[in-house]
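Visitor: Turn this into a model:
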Amino acid sequence: MVSKEEILNKTHYGLNIYSHILRLYYPDDVVLRLVGRDCGLCRNPFNSNKETLHIWIEKTDHKNTLSAEFARHEDSENAIPAGDAFSFAELHYKQQGDELLQTLNKEMFLHIGKQRDFYSNKRKAFNCPCSPLFSFFKAPISNTKPHKAVSLLQTYNAIRGDYYKDHTEKLRAISDVGQARKFKAANFDYCTFSGIFTTRNDKALIKHSGLLCVDFDHLQSVELLRNQLLQDEYFDTQLLFRSPSGNGLKWIVSIDTTETTHADYFAAVANYISQTYGIAVDKSGRDISRACFLPHDPQAFINPIHLK
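Guide: Here you go, the predicted model:
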């Protein structure tokens, strides 16, 4: 059984339920802009796409500052009944009660109620309880001095926003492989997901982030593997986005380097991916200081834990 409380705890008071459903209707838009506790007006798919949907976060008890919070909505034209994230989800899924809760758990990849170990008794799935930091570098790739340390949420917002949209579109319009590689190296910012460095070199590691970036190139079906990774029974996806070229994926998962080395953990994950999905991963992921270019991807996924 899945409870409303469990879902609210993993969806930022239910706000992510609204954004998940709205992105199904408006995949290329920034569907919500939270300022303080209020999202203002946004498009309502159940009112002819008019900007009449008001979403905000409020407390269950306005007199108690420590009371639980949850997201609510109303339509300025009263096109739909006012309510919470679950009543809004009912409009899309045409479901109620436990059936709706199970659907949200599955569709949003919340993994509530799953018992998981890690791909053998020697390893285990590792859920990151915090917001790890890693180094961010300004283009070009020849720049090996980090600009600052950033979080997964900051990176997710940059990828989903429009900042990298122009460079990504230009790169994907270049047919010559060599020219595309040069353009990417010269114009794309990048980060080292696995840690904070004084310079981009394995020996210059200050602190490991507890993250591993797995790179998939030249996929026959990006969407198929994307869905498979999000539903993987052993790993909770921390961040997942399409590669700059458009035909690959960048999959960020948590690892525990107190149990084994980064390189050994990468080898285990690569072996697991090969056996489970029949796909080879880019071997450069074994390097702690591996550079990952940041593209534009409005469909990027982030684990809801990092939205809190």
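Visitor: C-alpha from now on. contacts and neighbour counts both.
Guide: Fine.
Visitor: Quick check: residue 43 is in a helix.
Guide: No - secondary structure of residue 43 (DSSP: H, G, I helix; E, B strand; the rest coil): strand, not part of a helix.
Visitor: My guess is it contacts residue 53. True?
Guide: Yes - with contact defined as CA atoms under 8 Å, residue 43 counts as touching residue 53 (6.0 Å).
Visitor: These two: which is more packed in?
Guide: residue 53 (24 against 19; other CA atoms under 10 Å).
Visitor: Output the lowest mean pLDDT helix or strand found in this protein.
Guide: Least confident helix or strand, the chain: helix 262-277 with a mean of 87, by mean pLDDT, DSSP states H and E.
Visitor: Helices of the stretch 51-200 of the chain, residue ranges please.
Guide: 85-93, 97-107, 152-160, 165-172, 177-187 (DSSP state H, counting those that start in this stretch).
Visitor: any chance of those in a markdown table, with distance to residue 142 and mean pLDDT too?
Guide: Output for the helices of the stretch 51-200 of the chain, formatted as a markdown table (distance: least, CA to CA, whole Å; pLDDT from 0 to 100):
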| stretch | distance to residue 142 | mean pLDDT |
| --- | --- | --- |
| helix 85-93 | 46 | 97 |
| helix 97-107 | 40 | 93 |
| helix 152-160 | 21 | 95 |
| helix 165-172 | 18 | 96 |
| helix 177-187 | 8 | 96 |
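Visitor: Dump the C-alpha coordinates for the lengthiest strand in the chain into PDB.
Guide: Among the segments of the chain that qualify as a strand by DSSP state E, the longest is strand 50-59. What follows is strand 50-59, C-alpha atoms only, in PDB (Å, rounded to 0.1, in the frame of the first residue of the first chain):
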ATOM      1  CA  LYS A  50      -5.600  29.200 -20.400                       C
ATOM      2  CA  GLU A  51      -3.300  30.700 -17.800                       C
ATOM      3  CA  THR A  52      -5.900  30.400 -15.100                       C
ATOM      4  CA  LEU A  53      -4.400  27.700 -12.800                       C
ATOM      5  CA  HIS A  54      -3.100  29.000  -9.500                       C
ATOM      6  CA  ILE A  55      -0.900  26.700  -7.500                       C
ATOM      7  CA  TRP A  56       0.600  27.400  -4.100                       C
ATOM      8  CA  ILE A  57       1.800  25.700  -0.900                       C
ATOM      9  CA  GLU A  58       0.000  26.200   2.400                       C
ATOM     10  CA  LYS A  59       0.000  24.800   5.900                       C
END
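Visitor: what helices or strands is that strand leaning on?
Guide: strand 38-44, strand 69-75 (3 or more CA pairs under 8 Å, 6 or more residues apart in numbering; DSSP states H and E).
Visitor: any idea how this protein splits into domains?
Guide: 4-107, 133-307 (automatic domain parsing).
Visitor: With distance to residue 113 added, can I get those domains in JSON lines?
Guide: Formatted as JSON lines, those follow (distance: least, CA to CA, whole Å):
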{"stretch": "domain 4-107", "distance to residue 113": "9"}
{"stretch": "domain 133-307", "distance to residue 113": "12"}
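Visitor: and those domains, which is most packed in?
Guide: Neighbour counts (mean count of other CA atoms under 10 Å) averaged over each of these peak at domain 133-307, with a mean of 18.
Visitor: how long is it from one end to the other?
Guide: The straight-line separation of the ends of domain 133-307 (CA to CA, to the nearest Å) is 14 Å.
Visitor: Run the chain-centre distance for that domain.
Guide: In this view, domain 133-307 has its centroid 11 Å away from the chain centroid, taken as CA atoms, centre = their mean, to the nearest Å.
Visitor: How much space separates residue 244 from residue 172?
Guide: 8 Å.
Visitor: hang on, the earlier thing: and the helices and strands packed on strand 50-59: which comes nearest residue 188?
Guide: strand 38-44 (30.9 Å; CA to CA).
Visitor: for the record, mean pLDDT for the closest one?
Guide: If you average the pLDDT over strand 38-44, you get 94.
Visitor: Which strands or helices does that strand pack on?
Guide: Strand 38-44 packs on strand 50-59, going by 3+ CA pairs under 8 Å, 6+ apart.
Visitor: Contacts for the strand it packs on, please.
Guide: 13, 15, 37-44, 65, 67-77 (CA atoms under 8 Å, 6 or more residues apart in numbering).
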